[in-house]
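*Asks:* Need coordinates for the following:
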Amino acid sequence: MVTLNSEFINKVCMDLVRECIDEDGNKKKPGDKWTLLDQCHTVTCFPGDYTVLESHQINCERMPKPACHSNLPAVKVEETCGCRWMCPCVCMGSSSRHIVTFDGLNFKLTSNCSYTLFQDIQHDVEVLLHEGPCRAIPKMNCMDAIEVKHRGVSIQLFSNMTVTVDGESIHIPYSSSLFEVTVYGAIMHEIKFSHLCHNLTFTPRNNEFILKLNPKSFSSETQGLCGVCDQNHANDFMLRDGTVTANSEAFIREWTVKEMGKVCEIQREDDECSERAISHCHLLLSDQFSACHRIIPPDMFYDACEESSCYEEEACEMITSYAHICRENGICIDWRTPEFCRKGFSIY
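*Replies:* The predicted structure follows:
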């Protein structure tokens, strides 16, 4: 920030010579305009030996926050001359097979396949999800691994908490010119993109991933199951050729990765679902989560829980995901019980 002291104000327009002088001592004619070093103020020279200083700073605290399609609160983005509010670009996967796009659409995966979650061709980024049968409950699908490809390097985060770079096991924490990889509490992986500043977390025991894009460095021309982050539901189910479908099954097929020797299988039939599992979803609407309701409406999570929770384990994972988002917004809720979703629960 440039401070305009009395010395600058006195010399900016000299009475004797009737001409304007900028902060570097350069002469300016009436009508000339120049920008100060902070890039947030301009000075205009006028006839009659005076100048006008204009501020271009923006105070976003006085501006209304946008209502985001994802139901997540808007985030403040700091800029050179102030700040602005933006809807966060967050894609989530939870409850074994449930995906929520950047703009808040949700759908479920029913096969143990590999999928392209996110692709940004401009920045050479691709994020893949590899699913397979759960070890503890084979009738369900689980997230076996998350793979990140960027500038010719491939990092895989596995459900057993091991990590590989280009197929070679590495020790954590790991840092390179492209990535920082960390493990928290032996339960959660985190990848930070060094230049792009995107963030990816993967918690295998909860069957959960969260991909957050840096609002300053992502391209709106993103593709994959996470959709397009532009506050427009209509184009979330975009295919590789740029056309849009309303059919979620066709959308999922488009972004299923074909692998040699691997056959995708559906692990269960929905008619075997437990009514008791769905009843747990009401916990999301209960007073227990009321402190979080004011910041993040639970409706989307509740609807997804009712639709996708065939077993109690899946209801547990969906509620865990909502609690995780609440915690990231400063609200911690102790909701687990010995009878349901006890601490340390894992379907692995």
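
*Asks:* C-alpha from now on. contacts and neighbour counts both.
*Replies:* Will do.

*Asks:* How much space separates the closest residue to residue 166 other than its chain neighbours from residue 162?
*Replies:* Closest residue in space to residue 166, ignoring its immediate chain neighbours: residue 154 at 5.0 Å, by Cα to Cα, 6 or more residues apart in numbering. Per Cα to Cα, to the nearest Å, residue 154 is found 14 Å from residue 162.

*Asks:* sorry, back to before: and the residue nearest to residue 166, how many neighbours?
*Replies:* 16 (other Cα atoms under 10 Å).

*Asks:* Bridge partners for it, pull those for me.
*Replies:* residue 149 (DSSP bridges).

*Asks:* Next, the contact list for the closest residue to residue 223 other than its chain neighbours, please.
*Replies:* Closest residue to residue 223 apart from its sequence neighbours, by Cα to Cα, 6+ apart: residue 119 at 5.0 Å. Residue 119 is in contact with 125, 126, 127, 222, 223, 224, counting by Cα atoms under 8 Å, 6 or more residues apart in numbering.

*Asks:* Which parts of the stretch 201-348 of the chain are strands?
*Replies:* Here the stretch 201-348 of the chain has its strands, by DSSP state E, counting those that start in this stretch, at 208-213, 256-257.

*Asks:* Could you export those to TSV, including columns for distance to residue 53 and mean pLDDT?
*Replies:* TSV is the format used below for the strands of the stretch 201-348 of the chain (distance: least, Cα to Cα, whole Å; pLDDT from 0 to 100):
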stretch	distance to residue 53	mean pLDDT
strand 208-213	37	92
strand 256-257	57	92
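
*Asks:* Tell me which of those is the most buried.
*Replies:* The highest mean neighbour count among the strands of the stretch 201-348 of the chain, using mean count of other Cα atoms under 10 Å, belongs to strand 208-213: a mean of 22.

*Asks:* Who does that strand pair with, and is each partner parallel or antiparallel?
*Replies:* Short version: by DSSP bridges, strand 208-213 pairs with strand 89-94 (antiparallel), strand 199-203 (antiparallel).

*Asks:* Who are the contact partners of residue 19?
*Replies:* Contact partners of residue 19, counting by Cα under 8 Å, 6+ apart, are 13, 27, 28, 29, 30, 49.

*Asks:* Residue 281 now?
*Replies:* 302, 305, 306, 315, 319 are the contacts of residue 281 under Cα under 8 Å, 6+ apart.

*Asks:* still on that earlier bit, now for the strands of the stretch 201-348 of the chain, which one comes closest to residue 238?
*Replies:* Of all these, it is strand 256-257 that lies closest to residue 238, at 13.4 Å by Cα to Cα.

*Asks:* In a strand, the residue nearest to residue 223, correct?
*Replies:* Yes: secondary structure of residue 119 (DSSP: H, G, I helix; E, B strand; the rest coil): part of a strand.

*Asks:* For residue 31, see how far away it is.
*Replies:* Using Cα to Cα, one obtains 49 Å as the distance from residue 119 to residue 31.

*Asks:* ditto for residue 306
*Replies:* Distance, residue 306 to residue 31, by Cα to Cα: 66 Å.

*Asks:* More neighbours: the two, which one.
*Replies:* For residue 306 versus residue 31, the count of surrounding residues by other Cα under 10 Å is larger for residue 306: 18 against 10.
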